[in-house]
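> Predicted model and sequence follow; I will ask about them next.
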Amino acid sequence: MPILILLVSLAPVSGVFFTPALPLLTEEFGLSEAVAQWSMTIFLIAYSLGQLPYGPIANRWGRKKALFIGFDIAFVGALLCLFANSFWLFCIGRFIQAIGAAAGIKVVFTMISDRHEGNAAAKTFSYFLMAFAMMPGLGMLLGGFITIYSGWRGCFAFLAGYTLLLSFLIRLLPETSHSLNKEAFNLHKISHDLGKHLKDPFLILHGLLMGAGTATTYVFATVAPYLCITDMGLLPDIYGLWTLLPPIGVVIGLYLTLRIAHRVTPRIGMLSGLLLVFIGILVLGGLFHAELIVPAALFLPMILIQTGFGLSYSLSASKSLGEAKDKSNASAVLQFTNISIATIATLVVGFCLPIQAITLVGIFCILAVFAFTIWLKLKEHHQ
């Protein structure tokens, strides 16, 4: 289990690890804040697209082979970022890194679904996501300290080494695929299988609901460094320490999932999570309206917001994948939908809105209302 937790966390850690260094990157390449945020948006675009090819790969060659292929690609991307001499070459490296790192969450979710179903799947997802939720925060903490001593390039030197370590650990895992599908690369079959899942309202709705929570995490990771380091004057390492707080909320939400899995229906559990999200947003907005633009006012309400999304995310993931027959392609479509919402949200924040404290409140409100609308749609389908 510890190895799977590390594998599933590669993409989220790679996505946010260098964010304490975003102001330094902006300065070195002479960028505006909006342009610098392309480094996150491009990563998420590739991350969402990267969910799709690993379904056929995992079905044809097995789960471990798919992981090896993805992590080799991620290693090349990290090296390209490390040695980039222009921002757009850096963005190409981020794209390649995300395409490869996407194998982690895609294949590990499939491996979990291979072995568990129903309530057992819900509990297993919760245990994994509980540990997994802490990894981006720990990554930003470490990234903050590395930024102080080695700049933003040091972050990618670390990520390259970390990816190599994970590639070695994959060798220690058992193969969970029960059989290999020799026709998995048949283009007609691929388009048919993916198309069938893309037309599945049950799967897509759950992916959209999960995406609201994922978008909250990435929007915060994109905007917070500028608010805290540029506007509030925090050092990158101190900012990294503050970033440990929001993941605590995800852990609490996942713990609540474990406690209520046998007591309430997934639909009621998801609604409870969304109510916590709305309360957290009200607290955040109230503090900002009172002009308390300080780290505590930014990070503490995020614990409550992430608690709610952590609860709804884990219940939605286990419910949707637990009932899928082709778990590999279902997982690919689910995560593609999930990450696509985060991509759209970061794109909107970077190019349509100014980077201000109130920006977070506005985008979080939109995401919460969006998630509640999806919950109502699921209710109509009795799902």
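Okay, I see it.
> and residue 213, what does it touch?
Each residue near residue 213 by CB atoms under 8 Å, 6 or more residues apart in numbering is listed here: 306, 309, 310, 312, 313, 371. In this view, the C-beta of every residue, glycine as well, is placed from N, C-alpha and C.
> Return the member of those nearest to residue 268.
Proximity of those to residue 268 was ranked by CB to CB; the top entry is residue 312 with 10.9 Å.
> With adjacent residues omitted, what lies nearest to the closest one?
Setting aside the residues directly before and after it, residue 312 is nearest to residue 273 in space (CB to CB, 6 or more residues apart in numbering), at 3.6 Å.
> sorry, back to before: between the contacts of residue 213, which has the most around it?
Compared across these, residue 313 has the highest neighbour count, 32 neighbours, by other CB atoms under 10 Å.
> what about that residue, helix or strand, and which?
Following DSSP states H and E, the helix or strand that holds residue 313 is helix 295-322.
> Give the other helices and strands that that helix contacts.
Counting contacts by 3 or more CB pairs under 8 Å, 6 or more residues apart in numbering; DSSP states H and E, helix 295-322 is packed against helix 87-115, helix 118-170, helix 201-225, helix 236-242, helix 245-260, helix 266-289, helix 327-352, helix 357-380.
> what angle separates that helix from helix 357-380?
Calculated by axes from the mean of the first three to the mean of the last three CA atoms, to 10 degrees, helix 295-322 forms an angle of 20 degrees with helix 357-380.
> got the buried residues for helix 295-322?
Within helix 295-322, the residues that qualify as buried are 295, 297-322, counting by 16 or more other CB atoms under 10 Å.
> picking up where we left off before, return the residues in contact with the residue nearest to residue 312.
With contact taken as CB under 8 Å, 6+ apart, residue 273 is in contact with 253, 256, 307, 308, 309, 310, 311, 312, 313, 315.
> tell me the pLDDT at it?
Among the per-residue scores, residue 273 shows a pLDDT of 88.
> again, but for residue 157
According to the per-residue confidence, residue 157 scores 95 in pLDDT.
> Then residue 210?
Reading off the confidence values, residue 210 has pLDDT 89.
> Could you do the one 3 residues further on as well?
For residue 213, the model assigns a pLDDT of 88.
> again, but for residue 370
On pLDDT, residue 370 comes in at 94.
> ok, it to residue 208 distance?
Distance, residue 370 to residue 208, using CB to CB, to the nearest Å: 8 Å.
> What of residue 358?
Taking CB to CB as the measure, residue 358 and residue 208 are separated by 25 Å.
> Looking at those two, which is more packed in?
Under the neighbour definition other CB under 10 Å, residue 358 and residue 208 were set side by side, and residue 208 has more, 22 against 14.
> so that one sits right up against residue 336, yeah?
No - between residue 208 and residue 336 there is no contact, the gap being 11.2 Å when judged by CB atoms under 8 Å.
> quick one: which of the contacts of residue 213 is nearest residue 110?
Ranking the contacts of residue 213 by separation from residue 110, with CB to CB as the measure, puts residue 313 on top at 17.4 Å.
> residue contacts, the closest one?
By CB under 8 Å, 6+ apart, the contact set of residue 313 is 129, 209, 210, 213, 214, 253, 273.
> Nearest spatial neighbour of the fifth one, chain-adjacent residues omitted?
What it means is residue 214. Nearest residue to residue 214 in three dimensions, chain neighbours excluded: residue 342, at 4.5 Å (CB to CB, 6+ apart).
> Alright, calling it a day.
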